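**Q** I would like to see how this sequence folds:
(one chain, ligands or ions: 1)
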Amino acid sequence: MKKEITRRNFVNRTIGASAGVFVLPALTGFTKQERTKGIKPLIITSHTNDTGQKAIETGWEILKNGGSAVDAVEKAANIIELDAEDTSVGYGGLPNENGVVQLDSSFMDGKTYSAGAVACLENIKTPSSVARIVMQHTDHVLLVGAGALQFAKAWGFQEENLLTEKARKIWLRWKEELSPTDDWGVPEHLQNLKKNESYWHDFPDIEHHYGTTNVLAIDMNGDIAGCTTTSGLSFKINGRVGDSPIIGAGLYVDNEVGAAGATGRGEDVIKSCASYYIVLKMKEGRTPQQACEDALQMIVDRYRKVNPDFFPGEKFVAINKYGDLGCATMKGNRKPQMSVRVDKGFSRYDGKIAFEGK
Ligand code: ASP
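**A** Prediction:
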């Protein structure tokens, strides 16, 4: 028997899922004293699984040998993109409603104030590398769809099938469960949230349908770079672009300040220009942790007028140029974390759930 659910309920319940494994005591980047001694390298990712660790260890090797933040970020992001088991980023990512994997990615270099991005890119496993080339070898910032693919192919990227068996099966399951009365519905913040709650219980066996990764790094010269890369919201409408490839939304980097990245409901992140806002707040003197929480507050304040009970599912990560860290998400999501590599070693930084008591 068909379950009475809507497509939107299905995708909304994916918020908050991530692949956390075990937790080590958090390092806090640099101490105050170390700040005055000079800048040390640092790399973080919002991915907290083993692949996330492998990714930043790879980036760390580059940084510790004096390599650039841009190189470290790209190589780290590639590791996560190439993980076929990860259904949220790159190869193996969950497809759109037509069963086609469409990837979004952005790159920003604080040293040169350059940015590049691709959206709805099909058949290329490492969209972050294409975004980096857009950033470094064109005067444009964002290429989409067929144009992005044509560009990637011109740079020697091979077209490959990105839909793994695992992702295809999950997509088929989604199709099977579609309600005959289905439609895309109104925006999430105007929906009845209780209805969404019941949905999750209907799908206990499906892992996560959503996810993205942010990678941010500072190199030995103090230059900062960042990348956000994703397969986006699963089962999205063909052509839907999330926040990840939008500079200022899913990613922002300023060499004089720091960097920020977002995961979660991209629609909120686009409307709030959240990563830019976080960097702006850090510029005003807020710590990365405070700035991430400020961005959540700003979004909730906007929604308060239309739905006081709505707490969307964003997760923000941020670093400042001193190596301070920040990570926060909304009430209703699991405790936010990020993976961190500095010269003291690898750790997982525990962020904060905003509005938990409210
Ligand atoms: N922000 C991504 C998007 O909206 C999804 C995610 O982070 O899971 O496409």
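**Q** Quickly list what the nearest residue to L251 once chain neighbours are set aside is bridged to.
**A** Nearest residue to L251 in three dimensions, chain neighbours excluded: T228, at 4.3 Å (CB to CB, 6 or more residues apart in numbering). Placement of C-beta: from N, CA and C, glycine included. For T228, the beta-bridge partners are S106, N214 (DSSP bridges).
**Q** Is T228 in contact with G211, as I believe?
**A** No - in this structure, T228 is not within contact of G211 by CB atoms under 8 Å, at 11.6 Å.
**Q** Quick check: residues of the stretch 151-300 of the chain near the ligand?
**A** Counting by CB under 6 Å from any ligand atom, the stretch 151-300 of the chain comes close to the ligand at 210-212, 230, 232-233, 242-244, 263-264, 266.
**Q** out of these, which is most surrounded?
**A** S244 (33 neighbours; other CB atoms under 10 Å).
**Q** quick one on the thing from earlier: what sits in contact with each of T228 and G211?
**A** Common neighbours of T228 and G211 (criterion: CB atoms under 8 Å, 6 or more residues apart in numbering): T263.
**Q** if we can go back for a sec, in contact with the residue nearest to L251, which residues are there?
**A** Applying CB under 8 Å, 6+ apart to T228 gives the contacts 105-106, 212-215, 243-245, 250-251, 261-263.
**Q** same thing but 7 Å
**A** 105-106, 212, 214, 244, 250-251, 261 (CB atoms under 7 Å, 6 or more residues apart in numbering).
**Q** now swap in K335 and tell me
**A** Contacts of K335 by CB under 7 Å, 6+ apart are 350, 353.
**Q** so which strand or helix has it?
**A** In the assignment (DSSP states H and E), K335 maps to no helix and no strand.
**Q** now do the one 4 residues further on
**A** Under DSSP H and E, the secondary-structure element containing S339 is strand 337-342.
**Q** could you pull out the helices for the stretch 51-200 of the chain?
**A** Using DSSP state H, counting those that start in this stretch, the helices of the stretch 51-200 of the chain run over 69-81, 127-137, 145-154, 165-176, 193-202.
**Q** and the third one, which residues are buried?
**A** Spelled out, that is helix 145-154. 148-149, 151-152 (16 or more other CB atoms under 10 Å).
**Q** Likewise for the longest one?
**A** If you call a residue buried by 16+ other CB under 10 Å, then helix 69-81 has these buried ones: 69-81.
**Q** Out of those, which is nearest to P336?
**A** Among the buried residues of helix 69-81, I80 lies closest to P336 (CB to CB), at 17.3 Å.
**Q** looking at it, that closest one is touching N214, isn't it?
**A** No - I80 lies out of contact with N214 (CB atoms under 7 Å); the separation is 10.1 Å.
**Q** Tally up the residues packed near N98, please.
**A** N98 has 12 neighbours, counted by other CB under 10 Å.
**Q** Any stretches of this protein with poor pLDDT?
**A** Scanning the chain for pLDDT under 70 picks out 1-39, 179-185, 192-210, 357-358.
**Q** hang on, the earlier thing: can you check what angle separates the strand holding S339 from helix 69-81?
**A** Angle, strand 337-342 to helix 69-81, by axes from the mean of the first three to the mean of the last three CA atoms, to 10 degrees: 140 degrees.
**Q** ok, and what's touching strand 337-342?
**A** Taking CB under 7 Å, 6+ apart as the rule, strand 337-342 contacts 20, 27, 29, 40, 42-48, 52-53, 56-57, 60, 317, 323, 325, 327, 347-351.
**Q** Which secondary structure elements does the next helix or strand after it sit against?
**A** Sequence-wise, the next helix or strand beyond strand 337-342 is strand 345-350, with elements assigned using DSSP H and E. The elements that strand 345-350 packs onto, with contact taken as 3 or more CB pairs under 7 Å, 6 or more residues apart in numbering; DSSP states H and E, are strand 337-342.
**Q** and the angle for the strand it packs on with strand 345-350?
**A** Going by the same axes, to 10 degrees, strand 337-342 makes 150 degrees with strand 345-350.
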